[in-house]
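[1] Show me the folded form of this:
(one chain, ligands or ions: 1)
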Amino acid sequence: MAAVREAIPRAEADPDRPVYHFRPPANWTNDPNGTLYCRGWHHLFYQLNPFAARIGSQHWGHARSRDLVNWEHLPIAIWPSTDRGETAIFSGGATMAADGRPRVFYTSIGRPQPEQWMAAPADDDLFVWEKYSKPVLTQSAHIGGAIAQWRDPFLFQKDGATHMVCGGGTSAGRAQVQLYRATRPDLTEWKHLGAIFQTLDREIRNFECPNLFPLDGKWVLIVSPNRVCEYWIGDLDIARVQFSPTAHGVLDPGDAYASNISADEKGRTILWLWGRTNTPPERGWGSVMTMPRILSIGPDGYLRQRPAPEFETLRGEPKAFPGRSLEQPFVAAGAETDCAEIEAEFSGGGRSGFELRRSSDGKPGVVVSIERGYLSVGAARAFVGPAERYRLRVFLDKRCVEAYANDGTAAVYNWFDAGKDDRSIAVFGQAAGSRGGPAPNRAAPPRLEGLKIWPMRDARFSLDHFHV
Ligand code: FRU
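    Numbers count the residues shown, from 1 in each chain. Predicted coordinates for the structure are as follows:
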């Protein structure tokens, strides 16, 4: 706690630190952990290195929010029991136990094999967490021998029982997701049921942070395979230890990783992701969480991801720009900013989009564009599919950007570099085939159907409970 406090002034002095993406009080975060909705609060635990703004010395930081936007930082929830040889608290998940109180599960590192451990709240506010006296799962539980890179428990309910999946791979280096069932209502004992999923891709040696959860009548599996996260949608048969996928996609082709899931009182399924930022450690902070995204399955059977609508509360006075043909790029006059929500609609094919955080000599910080059914955010490209019109929602937060196309058909988080005075937004369009094609045969340029830009206010991050 002292190490985090000490870094706060440096983190707060950095004008590049995002203002409405979740971040710890200071220093490093990576995966979201134990995401849970309980008695009116969204709880977010997260991988935290309290000692530096780079990865290492994993603890579980903790925060809570009533609205997914404004946060109260809480005391560090779980730290390594160094006296017992534990060196790091790796990622994990949360669930409600039969006594109506939550439990969190995490991977304990340091003794020489990873172990899965549980902690329970010691108070009604869920500020203080106590580890159970021994691991709830060790490698000895595995039917067919040890699992390599065995970690990241995630919990779900099915057929009246609590289940867990963990990531890892076989000793031969094939990524798998293992399935377990709790055999006691207090969740202290578990049985290994087998591998519920295995990759066919020999390049993927282990899966990190698997999530398996119900959504709109189907089951969704998300994995983090040391490259962009992928998902499968299908049917789950626990008795046969079988997950049969019917759809497969990339979750977010940008720099977002290590997902977690929660479900709130409105019945919404919420996706949490670590958003990398590439911040130099001397700045006193590193990484954010992407905006919590509401998940659903679209009529085409693929995932939809929409930013939580609660973020609309941060909107300032909008600037609206009427529709026009995009023969020439134009700069959105009077909308200079490094923090905004942008809503726009494009039609007419070709390539169209925005340059964000553009410098006075016309150099963009990042380009967000739609072309041939793909949404691009910097170097990341997500499939949206052919459409007459493309509706974009783009969230700019300093040097982080998140873009959503056509009601969450594609979602991309990315980071980029920009100078502090680079604040203008340009809108551009290029007709299909216009790059190098002969002028007389050119198609008409794309059209901007409408554009609205809201400056975004800072979310509140309270430190009132950030003490022991
Ligand atoms: C994913 C991951 C997890 C692990 C954690 C450690 O980013 O590698 O597999 O539990 O980070 O911080």
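
[2] quick one, what contacts the residue nearest the centre of the chain?
    Nearest to the mean C-alpha position of the chain, by CA atoms, centre = their mean, lies Leu273 at 1.3 Å. Counting by CB atoms under 8 Å, 6 or more residues apart in numbering, Leu273 touches 32, 229, 251-252, 256-260, 289-290, 293, 413. Just so you know, the C-beta spots here come from the backbone N, C-alpha and C atoms, and that holds for glycine as well.

[3] quick one: it and Gly85, what's the gap?
    From Leu273 across to Gly85, the span is 31 Å (CB to CB, to the nearest Å).

[4] Smallest gap between the stretch 301-450 of the chain and the ligand, at which residue?
    Nearest residue of the stretch 301-450 of the chain to the ligand (CB to the nearest ligand atom) works out as Tyr413 at 14.6 Å.

[5] And for the spatially closest residue to that residue that is not a sequence neighbour, the neighbour number?
    Excluding the flanking residues, the one nearest Tyr413 by CB to CB, 6 or more residues apart in numbering is Ala256, at 4.1 Å. Ala256: 27 surrounding residues under other CB atoms under 10 Å.

[6] Repeat that for Cys400.
    Counted with other CB under 10 Å, the neighbours of Cys400 add up to 28.

[7] Could I get the phi/psi values of it?
    Torsion angles at Cys400 (phi, psi; degrees, to the nearest 10) stand at phi -110, psi 150.

[8] List the contacts of it.
    So Cys400 contacts Pro18, His21, Gly275, Thr277, Val288, Tyr413, Asn414, Trp415 (CB under 8 Å, 6+ apart).

[9] Distance check, the last one against Gln149.
    Just to be clear, that refers to Trp415. Applying CB to CB to Trp415 and Gln149 gives a distance of 27 Å.

[10] What of the third one?
    In this structure, Gly275 and Gln149 are separated by 23 Å, where distance is defined by CB to CB.

[11] Looking at those two, which is more packed in?
    Using other CB under 10 Å as the criterion, Gly275 and Gln149 rank with Gly275 on top: 28 against 19.

[12] which ones are touching the more buried one?
    With CB under 8 Å, 6+ apart, Gly275 has these contacts: His21, Asp255, Ala256, Ser287, Val288, Met289, Thr290, Cys400, Glu402, Tyr413, Trp415.

[13] Now the stretch 201-350 of the chain against the ligand: closest residue?
    Using CB to the nearest ligand atom, Glu208 is the residue of the stretch 201-350 of the chain that sits closest to the ligand, at 3.4 Å.

[14] Now do the contacts for that residue.
    Ser91, Gln149, Arg151, Asp152, Gly167, Val223, Ser224, Pro225, Asn226, Ala258.

[15] For those, pick the one with the most neighbours.
    Asp152 (31 neighbours).

[16] is it true that it lies in a strand?
    Yes. With DSSP: H, G, I helix; E, B strand; the rest coil as the criterion, Asp152 is part of a strand.

[17] Could you report the separation of it from Leu126?
    Here the criterion is CB to CB. By it, Asp152 lies 21 Å from Leu126.

[18] Same check on Gly350?
    Relative to Leu126, Gly350 is positioned 52 Å away (CB to CB).

[19] And the strands in the stretch 301-450 of the chain?
    For the stretch 301-450 of the chain, the strands defined by DSSP state E, counting those that start in this stretch cover 303-307, 319-325, 330-331, 339-347, 351-358, 366-371, 374-377, 380-383, 389-397, 400-405, 410-415, 424-430, 447-455.

[20] Which elements pack onto the fourth one?
    Yep, that's strand 339-347 we're talking about. Contacts defined by 3 or more CB pairs under 8 Å, 6 or more residues apart in numbering; DSSP states H and E place strand 339-347 against strand 351-358, strand 389-397, strand 424-430, strand 447-455.

[21] Neighbours of the nearest residue to Gln113 once chain neighbours are set aside, how many?
    With CB to CB, 6+ apart as the criterion, Gln113 has its nearest non-adjacent residue at 5.0 Å, and that residue is Gln139. Neighbourhood size, Gln139 [other CB under 10 Å]: 14.

[22] Likewise for Ala239?
    7.

[23] Now do the same for it: helix, strand or coil?
    The three-state label given to Ala239 by three-state DSSP is coil.

[24] what's near enough to touch it?
    Neighbouring residues of Ala239 by CB under 8 Å, 6+ apart: Asp159.

[25] where in the stretch 101-250 of the chain is pLDDT low?
    Under the criterion pLDDT under 70, no range of the stretch 101-250 of the chain is flagged.

[26] State the distance from the residue nearest to Gln113 to Arg372.
    Distance, Gln139 to Arg372, using CB to CB: 48 Å.

[27] For this structure, which residues are neighbours of the ligand?
    Contact residues (CB under 6 Å from any ligand atom) of the chain with the ligand: 30-31, 47, 58, 90-91, 107, 151-152, 208-209, 224, 257-258.

[28] biggest separation within these, which pair?
    Of all pairs drawn from these, the greatest distance, 16.4 Å, lies between Thr107 and Tyr257 (CB to CB).

[29] thinking again about what came up before, check which helix or strand covers the residue nearest to the centre of the chain.
    Using DSSP states H and E, Leu273 sits within strand 269-275.

[30] Can you name the element that comes right after that strand?
    Next element after strand 269-275 (DSSP H and E): strand 285-286.

[31] strands paired with that following strand, and their directions?
    Here strand 285-286 is paired, per DSSP bridges, with strand 27-38 (parallel).

[32] What about Asn414, how many residues nearby?
    When counting by other CB under 10 Å, one arrives at 23 neighbours for Asn414.

[33] Nearest residue to it in space, please, no chain neighbours.
    In space, and not counting its chain neighbours, Asn414 is closest to Gly254: 4.1 Å by CB to CB, 6+ apart.
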